[in-house]
Structure formats: C-alpha cells, structure tokens
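1. heads up, no residue letters with this:
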C-alpha cells in the first residue's frame, strides 16, 4: 500500500482501524521546534469520535504517544513517530463483511486486490480512523506554520443541501468559525439546520454528505513546482487520502466554467506596496504557484457508506446476490469530523513545499 506522502517532508501513516494502534512517522521536520502538546490535544479532539448523537458511538481518547523525534516537547530532527492506541473496538460487528462487501465502501476492491488477507475489521487501513495520525502530523505542521505567520482554518460549507456562509476570498476570517460547536460553521443557525438533517437521516437508518471549505492567510508567493508538483497537485493528493473525499475545487472552482475571461480574471493592483489582485477567483494559486492571496479550496464528502438500512450486495464465495445488514457503530455524517482533517492535510502539504 502507498501510505507515504511528501517530497521534502515525508509522512507515513500505518495501522488499521482495529489493530493494536495506529500511527505516523514524520521525516524531515526541522529540529528545535517546540510542540504545544495541549494545543495539539485540543486539535485532535475536534476529530475524535463519540461527541454526540451525530457521530459514531465508538469512544476513543485519541491521545498520541510519541516514540521518537520529540524530547521535552521539542523536535530533535530525527523522524517523529507517534501512535494512538485503539481501545474501544468491536471486531465481531464486521464478521459478515468478510464475504458480503458494503456498497459504497472499499470492501470489494480491497478483496480484489489483497484477497482474504485484507483486514476487514472496521474497514482496516481504508478506515476514516486513519485520519487521526494524519491530524497528529497536521497539528504539528499547523503550529510550525503559525510561527511563520501562516494560519489555516476550515468550516462545514454544506450538509444535505443546507449551506453555511462562505469565507471571504480576500480576507477569510478564520477566527469567526465556531470550532467548538458540534458542527463548525460561520453561521450558527445554518449549523443547527444541518444537525437536524443529520439526525433525520440517522432516524431513517441512512446518512448524508456535504462540503468542507478550507482557507489560509499569510502564505507567501512563490510556493509550488509546475507541472506536476504545483500547489493544487500536492494539496489534492493528500486531500484525496482522506476517506470519502470525492471532489475538490480551488477558488471559484467549477463555477469558472460558466464565466467569461473578463469575469474570471483577477485584475492586478498594488496594495501596501505589494502586488495583489482585486478579486481571488484563482484561489491563491496561478500556474500551480502561490500568489500570496489566500489559498481557498472546497472538498466534497460522500455520505457514510455504512448505514443501518438493508442494502443489496453479493456473496463473494457463493457468487450470488445477497441482502446485507450492516452492524457496528458509524457516523450518520462524517463531514464535521473531516474539518480538522482538511486543515491537517493542507498544513502538511504546505510544510512539504516550504521546508
């Protein structure tokens, strides 16, 4: 499996949803960087399960244990290795999935590629549980970037057709997001309506998807290497490593297809003695290189495939159609928990390009 990301800063993620532990190795991170462990713990808690009726009932502390690369909360320059122990697993819930794959999940393709050796418990290495070590790496990178004057934030832009306000493309107010709300949004009322849609889907034994919007401030111009290591390329690669992501757009995104060049082009101007643009349809990236405008992207998240409603599938051993009833604990909507994952992914990608 290809579970390594990065050129200068390399992130390797290991483990399975129900293995003894999951973890990450971050190689190439500078020495002498102090990590605020309390701040890191708070960041990880935003992704952690068991936060209410709108998330899975699986409860994990998600407390990272550093095995190397950090002494007295300061990075040593050697590879940083950290693990999170899995303590609340119910593997028996997945026994029937060894033969009958879940629609919309990686069960079938994993069986085709890896055979019966694939760890089906909790989805194995394909599980959203593996975003926890991504957030360890991302949380460290976020602190490093903040020291360099770069801030990253995200919010739930949409769930089940209910939309939140958007970040201002020129001056995204990241501190206006209600990060400690059950659903991190700019508009609290929109968050309440999103929650109602999630709970409605749950009551109907179903799930819903949505969109996460992520933005930066303080990114300097000149990052990115065309053609294949442009900023969109690098960010998209790591974002698609987050399970359930099905699409990504930068700046005005797919909306530019209906515009004229005169409408889409961002006119250049001088602001504070520096080259800027009047608008930011380009999302802070031109030709794969940062322009110093805020990087803004949105990622589409599919509905959780593991739903309690009965579905049709097949028996892999008997080669015939079969009805499937999924057991276990699953989120009726994973979009709120994906918000810190997007921040983490962008932070790792930017650090890789800056270091």
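-> That came in fine, so what should we check first? Note that this is a predicted model, so its numbers are computed, not measured.
2. tally of neighbours for the closest residue to residue 161 other than its chain neighbours?
-> Nearest residue to residue 161 in three dimensions, chain neighbours excluded: residue 197, at 7.6 Å (C-beta to C-beta, 6 or more residues apart in numbering). C-beta here means a position set from N, CA and C on the backbone, and glycine is covered the same way. Residue 197: 18 surrounding residues under other C-beta atoms under 10 Å.
3. same question for residue 152.
-> Applying other C-beta under 10 Å, I find that residue 152 has 25 neighbouring residues.
4. same question, residue 235
-> Residue 235, neighbours per other C-beta under 10 Å, totals 25.
5. so what does it look like in phi/psi?
-> When read as degrees, to the nearest 10, the backbone of residue 235 gives phi -60, psi -40.
6. now do it, the pLDDT please.
-> In this model, residue 235 is scored at 98, pLDDT.
7. please look at it and residue 351 and confirm they touch.
-> No. Using C-beta atoms under 8 Å, residue 235 makes no contact with residue 351, being 11.9 Å away.
8. can you list the buried residues in the helix or strand of the chain with the lowest mean pLDDT?
-> Among the helices and strands of the chain, helix 107-114 carries the lowest confidence by mean pLDDT, DSSP states H and E, at a mean of 91. Under the neighbour-count criterion of 16 or more other C-beta atoms under 10 Å, helix 107-114 has 107, 108, 110, 111 buried.
9. can you put these in TSV and add distance to residue 13?
-> Shown next, in TSV, are the buried residues of helix 107-114 (distance: C-beta to C-beta, whole Å):
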residue	distance to residue 13
107	20
108	23
110	16
111	22
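10. quick one: low-confidence parts of the protein?
-> Applying pLDDT under 70 to the chain flags the ranges 50-52, 56-60, 89, 91.
11. residue 108 contacts residue 100, doesn't it?
-> No. Applying C-beta under 8 Å as the test, residue 108 and residue 100 come out as separate, 9.7 Å apart.
12. between those two, what contacts are shared?
-> Taking C-beta atoms under 8 Å, 6 or more residues apart in numbering as the contact rule, residue 108 and residue 100 both touch residue 316.
13. thought the residue nearest to residue 161 was touching residue 163?
-> No. Checked against C-beta under 8 Å, the pair residue 197 and residue 163 is beyond contact range at 11.5 Å.
14. show residues contacting stretch 22-40.
-> 6, 8-16, 64, 69-70, 73-77, 79-84, 86, 129-130, 132-134, 136-137, 139-140, 143-144, 147, 351, 355.
15. the helices in this protein, which residues?
-> 37-47, 107-114, 131-147, 188-203, 231-239, 261-264, 335-354 (DSSP state H).
16. tell me which of these lies nearest to residue 159.
-> When these are compared by C-beta to C-beta, helix 188-203 sits nearest residue 159, at 4.1 Å.
17. what sits against the closest residue in space to residue 288 that isn't next to it in sequence?
-> Leaving aside its chain neighbours, residue 288 sits nearest to residue 230 (2.0 Å; criterion: C-beta to C-beta, 6+ apart). Residue 230 sits next to 224, 285, 287, 288, 289 when contact means C-beta under 8 Å, 6+ apart.
18. contacts only, for the residue nearest to residue 161.
-> Contacts of residue 197 (C-beta under 8 Å, 6+ apart): 159, 160, 161, 162, 208.
19. same question, residue 190
-> 162, 163, 164, 165.
20. so the second one sits against residue 156, correct?
-> What it means is residue 163. No. The pair residue 163 and residue 156 does not pass the contact test of C-beta under 8 Å, sitting 9.5 Å apart.
21. okay, the two: which has more neighbours?
-> Shown here are residue 163 and residue 156; by other C-beta under 10 Å, residue 156 has more neighbours (28 against 16).
22. wait, residue 334 sits on residue 127?
-> No. The criterion here is C-beta under 8 Å, and residue 334 misses it with residue 127 at 11.0 Å.
23. have a look at these two and say which one is more surrounded.
-> Neighbours per residue (other C-beta under 10 Å) separate residue 334 from residue 127, with residue 334 holding more: 26 against 20.
24. what are the phi and psi values at the more buried one?
-> Torsion angles, degrees, to the nearest 10, at residue 334: phi -100, psi 0.
25. which non-adjacent residue is nearest it?
-> residue 304 (5.5 Å).
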